[in-house]
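S.K.: Fold the following.
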Amino acid sequence: MAAVDTSPHTAHAGLIAPHGGSLVDLMVPAPEREAVRVSAGRRIECSHRNACDVELLVVGGFSPLRGFMHQEDYDAVVAGHRTSSDLLFGLPIVFDSDDETIAVGDRLLLTYRGQELAVLTVESRWEPDKAKEAQGCYGTTSIEHPAVRMISGERGRFYLGGSLQGLELPQRVFPCKTPAEVRATLPAGHSVVAFQCRNPIHRAHYELFTRALHADNVSEGGVVLVHPTCGPTQEDDISGEVRFATYERLAEEVANPRIRWAYLPYAMHMAGPREALQHMIIRKNYGCTHFIIGRDMAGCKSSLTGNDFYGPYDAQDFAREHAGELGMETVPSLNLVYTEEEGYVTADHAKARGLHVRKLSGTQFRQMLRGGEEIPEWFAFRSVVEVLRSAA
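M.R.: Numbers count the residues shown, from 1 in each chain. As a prediction, the model looks like this:
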C-alpha cells in the first residue's frame with residue numbers, strides 16, 4: 001500500500017502506539033518549503049472537507065496514511081472497512097475534483113482561503129462508482145442521508161490519490177493541536193478516554209464523560225480527552241466557531257484537572273458504525289486508549305420519514321467488534337437522566353426507585369434560548385447558554 005508510513009515507531013513513551021505503528025508527520029522542513037511549493041505545476045482550491053482531510057493527513061491524525069488513498073485502497077475500504085493491506089479504516093480518504101485535465105504525475109499545490117497547504121503528487125486517478133461507495137460506507141444510496149447527498153452533490157467527478165508534502169496548516173478560529181502535541185499532555189501508562197461530540201456540551205454530557213473515568217476498565221490515574229469535531233457537519237448543526245467558544249468557556253469554568261481539551265478538524269459523515277470506527281482510529285493516533293460510544297453514535301434520520309438509518313446500538317456493536325484489533329477499549333455511554341430527588345442517575349436506577357425524571361428536548365431548549373427564557377441549570381451550564389445567546 002503506497003500511502004502508508006513504514007518507518008519505526010514514533011509513539012510517545014508510555015502511550016498507546018499510533019494506528020499502524022508510527023505517527024506520521026508530513027510537514028516539510030521550513031528551509032525546503034519554497035522548493036516544494038514551486039515544484040507544483042498548478043493550483044487547486046480545497047473545499048472545507050478537503051482542507052480538514054489535508055490537515056489530518058499532514059499532522060498524522062490519519063496515520064499511517066502518507067497521502068490520499070490510491071484506488072485499490074479506496075475500493076478495499078468501501079467494500080470492507082480495510083485497506084488493500086488489511087489495515088482497518090472506517091471510511092476512504094480521497095481528494096476530489098471535476099477537472100478532467102488532471103493526470104497521474106501532476107503535482108498540485110493545494111490552497112485554502114488564501115493559504116498554500118500542501119503539494120499533492122497525483123499517483124492515482126479514477127472515476128468512482130458513487131452509488132457503490134454510498135452503499136458500502138453508509139449502508140444506503142438514499143440522498144436523504146447527508147453523506148450520500150455530499151458525495152453525490154458536492155464531491156467532484158474524479159478522485160485523486162497520492163502522497164502529500166505539507167507546507168502550512170489551515171488557520172482556524174479553533175486552534176487544533178496535532179496528535180504529537182496532544183500526546184505530550186497525556187499521562188504515560190494511564191487510560192485516556194476519548195469523548196467525541198459535535199454539539200455544545202450540556203450537563204448530561206459532562207456527567208457522562210466524567211463518570212466514564214470510574215468505569216471498571218479505566219485506570220485510577222486516567223484522564224478524559226474531550227475532543228469535539230469542529231469541521232463541516234450537518235446543515236442544521238451549530239457552527240464550529242460558536243461551539244469552540246462554548247467549549248473554551250466551559251473548560252475555564254469547570255477547571256477539572258482530569259479533563260484534557262482539544263479540537264479536531266474533521267468533517268462529519270454521519271456514517272454510524274463506519275464513523276465510529278473512523279473516530280476510534282483517529283483518537284488512537286491522538287493517544288487515546290478508550291472511546292465512549294454513545295447510543296446511535298454519528299447516526300442520522302431521513303427528513304422524509306423520520307426513520308433512523310442505523311439501529312441504536314449498531315455503532316456500539318461495530319466498535320466493540322474491532323476494538324481488540326485496534327488495541328483499544330470501549331466505554332458504553334450511560335443512559336443518564338436528571339431526577340428531582342438525586343440529580344443525574346441512570347435511567348434504570350430512576351425507574352427502580354420511582355424517581356421523578358425531568359426532561360427537556362433539544363427543540364424545547366432552542367425555543368427557550370431564542371425566547372430569552374431561563375434555562376434550568378440542571379440541563380445546561382450558564383456559561384454555555386451565555387455564549388449561545390450572544391451568537392444568536
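
S.K.: Now do stretch 215-224, average pLDDT.
M.R.: Per-residue pLDDT values over stretch 215-224 give a mean of 95.

S.K.: Can you measure across it, start residue to end residue?
M.R.: 12 Å (C-alpha to C-alpha, to the nearest Å).

S.K.: Run the chain-centre distance for the helix or strand hosting Phe291.
M.R.: According to DSSP states H and E, Phe291 maps onto strand 290-293. Distance, stretch centre to chain centre, for strand 290-293: 13 Å (C-alpha atoms, centre = their mean, to the nearest Å).

S.K.: Can you list the neighbours in contact with the helix or strand following that strand?
M.R.: Using DSSP H and E, the next helix or strand after strand 290-293 towards the C-terminus is helix 314-326. With contacts defined as C-beta atoms under 8 Å, 6 or more residues apart in numbering, helix 314-326 is touched by 19, 88, 272-277, 280-281, 284, 291, 293-299, 329-330, 332. For every residue, glycine as well, the C-beta is placed using N, CA and C.

S.K.: same thing but 10 Å
M.R.: 16, 19, 81-82, 87-88, 90, 139, 271-277, 279-281, 283-284, 289-291, 293-299, 308, 310-311, 313, 328-330, 332-333 (C-beta atoms under 10 Å, 6 or more residues apart in numbering).

S.K.: Tell me the strands beside the strand holding Phe291, with direction?
M.R.: If you go by DSSP bridges, strand 290-293 pairs up with strand 192-195 (parallel), strand 329-332 (parallel).

S.K.: pLDDT on the last one, on average?
M.R.: Rounded to a whole number, the mean pLDDT of strand 329-332 is 90.

S.K.: Distance from whichever helix or strand comes after that strand to the middle of the chain?
M.R.: Where DSSP H and E defines the elements, the next helix or strand beyond strand 329-332 is strand 336-339. Relative to its chain's centre, strand 336-339 lies at 27 Å (C-alpha atoms, centre = their mean).

S.K.: Strand 336-339 pairs with which strands, parallel or anti?
M.R.: strand 343-346 (antiparallel), strand 357-358 (antiparallel).

S.K.: Any chance you could give me it in PDB, C-alpha atoms only?
M.R.: Provided in PDB are the C-alpha atoms of strand 336-339 (Å, rounded to 0.1, in the frame of the first residue of the first chain):
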ATOM      1  CA  LEU A 336     -28.400   9.200  32.300                       C
ATOM      2  CA  VAL A 337     -31.500  11.100  33.400                       C
ATOM      3  CA  TYR A 338     -32.000  14.000  35.700                       C
ATOM      4  CA  THR A 339     -34.200  13.400  38.800                       C
END
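
S.K.: Helices of this structure, residue ranges please.
M.R.: Counting by DSSP state H, the chain has helices at residues 33-38, 48-59, 71-80, 130-138, 146-153, 179-183, 203-211, 240-254, 273-285, 314-326, 347-353, 362-370, 382-391.

S.K.: mind checking how far the nearest residue to Gly41 once chain neighbours are set aside is from Ser142?
M.R.: Leaving out its chain neighbours, the residue that sits closest to Gly41 by C-beta to C-beta, 6 or more residues apart in numbering is Arg107, at 5.5 Å. Arg107 sits 38 Å away from Ser142, taking C-beta to C-beta, to the nearest Å as the criterion.

S.K.: Equivalent analysis for Gly362, please.
M.R.: Gly362 is 24 Å from Ser142, where distance means C-beta to C-beta.

S.K.: Repeat that for Arg249.
M.R.: Taken as C-beta to C-beta, the span from Arg249 to Ser142 is 38 Å.

S.K.: What is the burial count for the nearest residue to Ser39 once chain neighbours are set aside?
M.R.: Leaving out its chain neighbours, the residue that sits closest to Ser39 by C-beta to C-beta, 6+ apart is Arg107, at 5.7 Å. If you count neighbours by other C-beta atoms under 10 Å, Arg107 ends up with 15.

S.K.: mind listing what Arg107 touches?
M.R.: Val36, Ser39, Ala40, Gly41, Arg42, Val119, Leu120, Thr121, Val122, Gly162, Gln165.

S.K.: Over to Tyr206?
M.R.: Residues near Tyr206 by C-beta under 10 Å, 6+ apart: Phe195, Val226, Leu250, Val254, Asn256, Ile259, Tyr344, Phe381, Val384.

S.K.: quick one on the thing from earlier: buried only: go through the contacts of helix 314-326 for me.
M.R.: When the contacts of helix 314-326 are checked for burial by 16 or more other C-beta atoms under 10 Å, the buried set is 16, 19, 81, 87-88, 90, 139, 271-277, 279-281, 283-284, 289-291, 293-294, 296-299, 310, 328-330, 333.

S.K.: sorry, back to before: compare Gly362 and Ser142 (neighbour count), which wins?
M.R.: Using other C-beta under 10 Å, the more surrounded residue of Gly362 and Ser142 is Ser142, with 14 against 9.

S.K.: Distance of that one relative to Ala315?
M.R.: 19 Å.

S.K.: count of neighbours near Gln364?
M.R.: Applying the criterion other C-beta under 10 Å, we find 13 residues in the vicinity of Gln364.

S.K.: Check the gap between it and Gln171 for me.
M.R.: In terms of C-beta to C-beta, Gln364 sits 37 Å off from Gln171.

S.K.: try Arg107
M.R.: Separation of Arg107 from Gln171 (C-beta to C-beta): 24 Å.

S.K.: cool, and His322?
M.R.: Distance from His322 to Gln171, by C-beta to C-beta: 35 Å.
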